[in-house]
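Visitor: what follows is a predicted structure for the sequence shown.
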Amino acid sequence: MGSRCNLNDMDANGAKDHSSVQPSLSWREFQFQHKAQVSKHPAYPRILQMGLLDDTAFHLDVGCSTGTDLRKLAGDGWSAERLIGVDLEQAWIDLGYKQYRDRATCDIKFVAGDICHDDLLQPIGQLARDGSNILDKTASDDLVHSNVRCISVFSFFHLFDEAGQLELARRLGSLLSNKPGSTIYGAHRGRATAGRAEKTRIGDIYCHSPSSWTSLWQERVFPESSGISVQVDVDFRDGPEDKDIDRVMVWSVTIA
Ligand SMILES: C[S@@+](CC[C@H](N)C(=O)[O-])C[C@H]1O[C@@H](n2cnc3c(N)ncnc32)[C@H](O)[C@@H]1O
């Protein structure tokens, strides 16, 4: 039997266990945060095509939480064996299995760990090379990352300060295949003018603007000296609370 990942069969009682992972989150907030976001992204049709046309392509979701976006990708045609989710908290990954009742049948690869930590790069590389489970491998192989054609990163970058965002962007850039069309895409808080935003709903955060975000990728992650050029698209939208500080950048970075 093929992989079965149950996006459309959520066990509401299982999902309500979210309070044991993050007690401060209300059930309403949890439901809002845990709706699939990938499919609303303008790059999504192209991302789906890549999964269908390139059967060596892997897709990584960073800060995947309960794995809702990955299950959406699997439901829409990406082979689950070529989907990898990384989250700091094993508890979110376990909650995903519980709420979607698919631990025994879902072939998406989930890895618990800190994306900022070098220890995580090798397991991701191993998974993306041949799809085998990290638990079956020794940790001696070199990092191989050239099959990661897509990286999604939603509601994540704004968790880091300015220096941390640059470091994270460089890290994701180094994991991405340099084949034309390979894409990093996502959405997070932004401002018309880059800088610190204080007392937002999620605390004090550093926000890029569409222009500083574009420069970060084109000049600092993939500078001319890298020999790789990227197209950066940023759509600037009102956020859920429609305030100056509550705007969202929906963006993608694509290898030209
Ligand atoms: C705001 S949630 C976003 C979840 C999901 N991407 C979404 O859009 O609904 C951020 C997630 O990133 C995870 N996280 C935070 N820091 C991380 C890190 N350094 N490495 C991996 N995951 C991290 C958290 O555990 C949490 O599940």
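Guide: Alright, I've got the coordinates.
Visitor: name all residues that make contact with the closest residue to Ala192 other than its chain neighbours.
Guide: Ranked by CB to CB, 6 or more residues apart in numbering and with sequence neighbours excluded, the top spatial neighbour of Ala192 is Ser209, at 5.9 Å. For the C-beta atoms, the positions are set from N, CA and C on the backbone; glycine is no exception. By CB atoms under 8 Å, 6 or more residues apart in numbering, the contact set of Ser209 is 190-194.
Visitor: give me the pLDDT for Asp246.
Guide: On pLDDT, Asp246 comes in at 68.
Visitor: what of Ile134?
Guide: 35.
Visitor: pretty sure Arg46 is touching Thr183, no?
Guide: Yes. Arg46 lies in contact with Thr183 (CB atoms under 8 Å); the separation is 7.2 Å.
Visitor: what is the burial count for the closest residue to Thr105 other than its chain neighbours?
Guide: Spatial nearest neighbour of Thr105, excluding adjacent residues (CB to CB, 6+ apart): Arg4 at 4.0 Å. Arg4: 16 surrounding residues under other CB atoms under 10 Å.
Visitor: more neighbours, Arg46 and Thr183?
Guide: More crowded of Arg46 and Thr183, by other CB under 10 Å: Thr183, with 22 against 15.
Visitor: and the closest residue to that one other than its chain neighbours, which helix or strand is it part of?
Guide: Using CB to CB, 6+ apart and skipping residues adjacent in sequence, the residue nearest Thr183 is Thr254, 4.7 Å away. According to DSSP states H and E, Thr254 maps onto strand 247-255.
Visitor: off-centre distance for that strand?
Guide: For strand 247-255, the separation from the chain centroid amounts to 12 Å (computed by CA atoms, centre = their mean, to the nearest Å).
Visitor: then stretch 197-212?
Guide: Relative to its chain's centre, stretch 197-212 lies at 19 Å (CA atoms, centre = their mean).
Visitor: tell me the pLDDT at the residue nearest to Ala192?
Guide: Per-residue pLDDT puts Ser209 at 95.
Visitor: again with Val21
Guide: 64.
Visitor: likewise for Asp130?
Guide: Confidence at Asp130, expressed as pLDDT, is 54.
Visitor: wait, Cys64 sits on Glu89?
Guide: No. Between Cys64 and Glu89 there is no contact under CB under 8 Å: 10.1 Å.
Visitor: ok, those two, which is more surrounded?
Guide: Using other CB under 10 Å as the criterion, Cys64 and Glu89 rank with Cys64 on top: 26 against 15.
Visitor: what helix or strand is Asp69 on?
Guide: Assigned by DSSP H and E, Asp69 falls within helix 68-75.
Visitor: could you point out the helix or strand that follows that helix?
Guide: Following helix 68-75 toward the C-terminus (DSSP H and E): strand 83-87.
Visitor: that next one - which strands sit beside it in the sheet, and in what orientation?
Guide: strand 58-62 (parallel), strand 109-112 (parallel) (DSSP bridges).
Visitor: which one of these lies nearest to Asp233?
Guide: Counting by CB to CB, Asp233 lies closest to strand 58-62 out of the strands paired with strand 83-87; the figure is 18.5 Å.
Visitor: at the contact with the ligand, which residues of the stretch 1-150 of the chain appear?
Guide: 33-34, 37, 63, 65, 86-89, 92, 114-116 (CB under 6 Å from any ligand atom).
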